[in-house]
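1. Quick one: sequence plus predicted model below, questions after.
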Amino acid sequence: MEIYSSADIKRIAAVHAENIDVFAGKGDNTRLIVKPGLRLRHILSGLVYTVLDIDISDQSDPKILCNRAGRNLIILKDEFKNYERQ
């Protein structure tokens, strides 16, 4: 049986990580691609969250409101790299 350290797990997760992008396209073709109901998985813990809302009041700093087992979580832009689509 192999035993992995936290550093090993982070390295493996980084290789397989899919960064979350809230928008696709550029300029007039920009589209919101993260929608309520989308499921996101925290890469290191494996916990899965359901998107409730996306705060794009400041498009340069979007925030994703998620829920898991009655608990709400706000994912900030600089934390998107820690999550992947489920």
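-> Cool, got the structure.

2. For the longest strand along the chain, name the packing helices and strands.
-> In the chain, ranked by residue count with DSSP state E as the criterion, the top strand is strand 48-55. Packing partners of strand 48-55 (3 or more Cβ pairs under 8 Å, 6 or more residues apart in numbering; DSSP states H and E): strand 39-42, strand 63-68, strand 71-76. The way it works is simple: take the backbone N, C-alpha and C, and place the C-beta from them, glycine included.

3. who's in contact with that strand?
-> With Cβ atoms under 8 Å, 6 or more residues apart in numbering as the test, strand 48-55 has contacts from 22, 32, 34-42, 62-68, 72-73, 75, 83, 86.

4. quick one: Ser45 from Ser60, how far?
-> 28 Å (Cβ to Cβ, to the nearest Å).

5. Likewise for Leu40?
-> Distance from Leu40 to Ser60, by Cβ to Cβ: 21 Å.

6. more neighbours, those two?
-> Between Leu40 and Ser60, Leu40 has the larger neighbour count (other Cβ atoms under 10 Å), namely 23 against 6.

7. List the residues that contact Asp58.
-> Neighbours of Asp58 in contact, by Cβ under 8 Å, 6+ apart: none.

8. Could you check the pLDDT of the closest residue in space to Leu40 that isn't next to it in sequence?
-> Leaving aside its sequence neighbours, Leu40 sits nearest to Tyr83 (Cβ to Cβ, 6 or more residues apart in numbering; 4.5 Å). Note for Tyr83: predicted pLDDT of 89.

9. And Glu2, by the same measure?
-> On the pLDDT scale, Glu2 is placed at 72.

10. Please identify which helix or strand holds it.
-> Under DSSP states H and E, no helix or strand contains Glu2.
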